[in-house]
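*Asks:* Sequence first, then the predicted structure, then my questions.
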Amino acid sequence: MRRAILALVAQGLAIEEAPAGGIHGIGRVCRIRARKVYRALSAEEFFRRRRITSRDVLMRRLLSLDYVLEHPRLPWLSTEAEKVAAFSALGIERRVLPQRSYRGAARNIRRHFHLGLPLALDAGRAVFVYVDPGHATATSLRAWGAAHRELWGLLRDRGHKIEVVAVARGSEETSRADTVLGNWTRDPRPSKYDTEIGRKIERLEHVLRSGDASLIREVCGDVRGSLVRLVELRNHAQRESGRGLLHRVSAWQTERLLGRLF
């Protein structure tokens, strides 16, 4: 592996650089920057992600790679296109998939599975990997679970067993994730969160974005009241997340990337 990296660097196809500020104990990072390498691997989607923008992004990518390398037999879906196509083949609409819109120069761009986290899928099993780059709270994990909940429900209805793995670098993060995931599975009752809550959230967001005062009064009463209700619905969705849907959960701590973060 080291010889391959040195060969890429020597040809100007990659560079080695110090990791983003705030990360210690992992040595240097190799960044492949030549488009033709991505094209040869049929992975041009990742060319736009070649730049390291922050500590969190770097750690998320390294931890994702580490987990995939440790579990090479799983049927990983590498790209956004592969993930969308796999769920479309199961009859699952794109609107259900986790997504985020980005403002572009000419138009807004919608990305599905925008965090780029590992996901494996076969005929009877789906493995979703959440990666904690070093967050101080479990808020992001709960929000991630809420964003996937409707998809998990549809997969379960199609006979898939759903596994969720939380990957982290430190014991504090893995312990916190273990607690949250355990809470999702210990309650055998179906979640009180259903698609109706999702629709209510979408409706409130649409009304507020419209800026139409008469429509806001008709649907929400007033802006302050609608914002309070929106926060309540989002919090409820995050608390429930994957409850009653998951077959197996676990927290996994890296060995390759151990060390001090700060």
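*Replies:* Sure thing, it's come through.
*Asks:* Please report how far residue 18 lies from residue 5.
*Replies:* Distance, residue 18 to residue 5, using Cβ to Cβ, to the nearest Å: 15 Å. For every residue, glycine as well, the C-beta is placed using N, CA and C.
*Asks:* Looking at these two, which one has more neighbours?
*Replies:* A count of neighbours by other Cβ atoms under 10 Å puts residue 5 above the other of residue 18 and residue 5, at 14 against 9.
*Asks:* SS state for that one?
*Replies:* helix (DSSP: H, G, I helix; E, B strand; the rest coil).
*Asks:* Tell me if I'm right that it and residue 30 touch.
*Replies:* Yes: counting by Cβ atoms under 8 Å, residue 5 does reach residue 30; the two are 5.0 Å apart.
*Asks:* what are the ranges of the helices in the stretch 151-262 of the chain?
*Replies:* Remark: helices assigned in the stretch 151-262 of the chain by DSSP state H, counting those that start in this stretch are 171-186, 195-210, 213-219, 223-240.
*Asks:* deepest of the ones you listed, which one?
*Replies:* Of all the helices of the stretch 151-262 of the chain, helix 171-186 has the most neighbours on average by mean count of other Cβ atoms under 10 Å, namely a mean of 17.
*Asks:* Could you check how far residue 5 is from residue 258?
*Replies:* Counting by Cβ to Cβ - residue 5 and residue 258 are separated by 21 Å.
*Asks:* Can I get the helices of the stretch 151-262 of the chain in TSV including mean pLDDT and distance to residue 97?
*Replies:* Listed next are the helices of the stretch 151-262 of the chain as TSV, based on pLDDT from 0 to 100; distance: least, Cβ to Cβ, whole Å:
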stretch	mean pLDDT	distance to residue 97
helix 171-186	89	20
helix 195-210	74	13
helix 213-219	76	27
helix 223-240	71	16
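*Asks:* looking at those helices, which is closest to residue 56?
*Replies:* Within those, the stretch nearest residue 56 is helix 171-186; the backing value is 12.3 Å (Cβ to Cβ).
*Asks:* Contacts for that closest one, please.
*Replies:* Residues from elsewhere that reach helix 171-186 (Cβ atoms under 8 Å, 6 or more residues apart in numbering): 130, 132, 134-135, 137-138, 141-142, 145, 164, 166, 168, 241-243, 245-246, 248-253.
*Asks:* out of the helices of the stretch 151-262 of the chain, which comes closest to residue 14?
*Replies:* The nearest among the helices of the stretch 151-262 of the chain, by Cβ to Cβ, is helix 171-186 at 29.5 Å.
*Asks:* tell me how far the closest one is from the chain's mean position?
*Replies:* 17 Å (Cα atoms, centre = their mean, to the nearest Å).
*Asks:* Mark out where each domain of the chain begins and ends.
*Replies:* For the chain, automatic domain parsing gives the domain ranges 1-52, 54-192+241-262, 194-229.
*Asks:* and the ones you listed, which is most packed in?
*Replies:* With neighbours taken as mean count of other Cβ under 10 Å, these reach their highest mean count in domain 54-192+241-262, at a mean of 17.
*Asks:* Provide a list of residues in contact with residue 248.
*Replies:* By Cβ under 8 Å, 6+ apart, the residues touching residue 248 are 161-164, 185.
*Asks:* Strands - which of the residues you listed land there?
*Replies:* Counted as lying in strands by DSSP state E, out of the contacts of residue 248, are 161-164.
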